[in-house]
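J.: Fold the stuff below for me.
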Amino acid sequence: MAYIKVNQEKVTKDVAKQLIDMCPFNAFDYQDAYLSINASCKICKMCVKKGPLGVCELIDNPKPKIDKSKYNGIAVFIEQHQNIAHPVSWELIGKAKELSKKSKEEVFAVVCGNDVSNIVDQALSYGVDKVYVYQDEAFKDFNVELYTNVAEAFFNKYQNNVILFGGTPLGRSFAPKVAARLKTGLTADCTMLDMTETKDLLQIRPAFGGNIMAKIHTPNDRPQMATIRYKMFDQADVVKPHGKAIYEDTISILKDTSISILDHYAKPRVNDISDAEVIIAVGRAFKKQKDLELIEPLRKKLNAEIACTRPMIENGWFDAKKQIGLSGRTVKPKLIINLGISGAVQYIEGMKDSELIITVNKDKHNKLFNISHYAIVGDIYEVLPELNKLVDEILEAKNGI
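T.: Here you go, the predicted model:
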């Protein structure tokens with residue numbers, strides 16, 4: 001791994017000041033005549049190229065290349081609660097099957113729980129090659145310590161090339177612990193995945209506040225791991241099963257845990273905008289919270305869910321569960337109507353795969369117009385009444401009034 005070395009024998013007070021002033025990331029600390037580099041260093045190499053000659057030196061110790069032939073298969077951990085699989089698992093299998101066409105690998109599902117035969121049958125119906133089943137009374141409820149032991153046992157035995165997890169609250173607590181246990185990396189909240197012919201996973205996700213798309217490539221680390229949000233990919237097609245279920249021996253898996261489940265409290269079910277078929281999304285163009293009443297007639301006519309952008313959460317107008325975007329929910333409705341939304345990349349990434357997109361904004365250069373099927377340039381306060389009239393006319397014509 002590359003790092004910057006400071007040759008202390010060449011450091012003076014003036015040299016230290018020059019490097020501190022030069023560094024765009026404030027990565028230098030100078031104390032007691034000692035110049036050090038802190039965690040803010042991005043290895044941009046400016047200090048090496050333009051700093052005082054010989055003071056800073058790039059040390060590049062490349063990681064030894066691994067034998068990629070030893071690692072095979074794309075595995076998806078099937079998230080389940082009370083023996084019901086989370087739909088994100090079937091989306092990941094769909095993506096894994098797509099990636100496997102490039103890398104010529106098998107696709108595996110890993111199921112952990114107790115009495116999970118129905119989930120095993122489901123996984124096979126989505127066309128996986130093998131389902132590895134870790135069935136034990138101890139695994140009935142999710143326990144991050146025990147499930148990590150399962151993941152470790154699975155990888156140690158089968159040496160998989162890729163392991164994918166859902167970017168859910170459960171997956172976000174589980175996947176990092178697995179990555180730490182297996183001493184590998186993890187890319188969180190990927191928006192795209194690709195695969196090279198040499199079986200290297202390309203993990204793509206927004207970075208620097210969504211201003212760039214980072215493509216993360218880890219050719220010398222296995223397994224390659226990523227979490228992906230719900231509704232980011234298409235669900236796998238149901239096919240005639242061809243794979244087989246392999247029930248693993250769980251006796252040797254360590255079941256000691258410091259976590260005790262004392263009781264269960266059922267969380268009240270709420271409407272999740274990720275599952276909505278019609279969404280009306282509102283942005284900062286609404287000047288007052290009371291003005292949101294203007295969308296109520298349209299919401300009722302379309303039986304729509306109301307969603308919003310981050311500024312509306314910060315205003316305290318909506319619950320955070322109503323936010324669309326990379327820091328909120330990813331949605332794929334049949335229809336989404338964007339009202340007065342600026343079109344930041346974080347929001348676009350969260351809804352770009354909607355079937356029909358209608359955008360209303362007075363800025364004709366709004367980025368949402370680039371992905372919208374219908375664009376209306378105008379003030380929402382003027383357009384909304386007309387939009388209500390238009391929907392009335394459509395519904396009347398449909399009902400033959």
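
J.: In the protein, spot the helix with the most residues.
T.: Taking DSSP state H as the criterion, the chain has its longest helix at helix 380-398.

J.: Okay, buried residues for that one please.
T.: Ile380, Val383, Leu384, Leu387, Asn388 (16 or more other CB atoms under 10 Å). For the C-beta atoms, the positions are set from N, CA and C on the backbone; glycine is no exception.

J.: Where do the helices of this structure begin and end?
T.: 13-22, 46-50, 88-103, 117-125, 144-158, 169-182, 296-302, 310-314, 345-351, 380-398.

J.: nearest to Asp249, of those?
T.: helix 144-158 (9.5 Å; CB to CB).

J.: from the middle of its chain, how far away would the closest one be?
T.: Distance, stretch centre to chain centre, for helix 144-158: 22 Å (CA atoms, centre = their mean, to the nearest Å).

J.: Now it: average pLDDT?
T.: Regarding helix 144-158, the rounded mean pLDDT is 96.

J.: Next: stretch 286-304.
T.: Mean pLDDT, stretch 286-304: 92.

J.: Go ahead and name everything in contact with that stretch.
T.: By CB atoms under 8 Å, 6 or more residues apart in numbering, the surrounding residues in contact with stretch 286-304 are 276, 278-280, 282, 306, 312, 315, 317, 335, 337, 339-340, 380-381, 384-385, 387-388, 391-392, 395.

J.: give me every residue that touches Ile216.
T.: Contacts of Ile216 by CB under 8 Å, 6+ apart are Gly185, Thr187, Leu202, Gln203, Ile204, Arg205.

J.: In those residues, find the pair that's most separated.
T.: The widest separation within the contacts of Ile216 (CB to CB) is 14.5 Å, between Gly185 and Ile204.

J.: out of the two, which sits in the more crowded spot?
T.: The neighbour count for Gly185 versus Ile204, taken as other CB atoms under 10 Å, is higher for Ile204 (17 against 14).

J.: so can I have JSON lines of the contacts of Ile216 showing pLDDT and distance to Tyr247?
T.: Listed next are the contacts of Ile216 as JSON lines, based on pLDDT from 0 to 100; distance: CB to CB, whole Å:
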{"residue": "Gly185", "pLDDT": "92", "distance to Tyr247": "31"}
{"residue": "Thr187", "pLDDT": "94", "distance to Tyr247": "31"}
{"residue": "Leu202", "pLDDT": "95", "distance to Tyr247": "34"}
{"residue": "Gln203", "pLDDT": "94", "distance to Tyr247": "31"}
{"residue": "Ile204", "pLDDT": "89", "distance to Tyr247": "35"}
{"residue": "Arg205", "pLDDT": "86", "distance to Tyr247": "35"}
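
J.: Select from the residues you listed every entry located in strands.
T.: Thr187, Leu202, Gln203, Ile204, Arg205 (DSSP state E).
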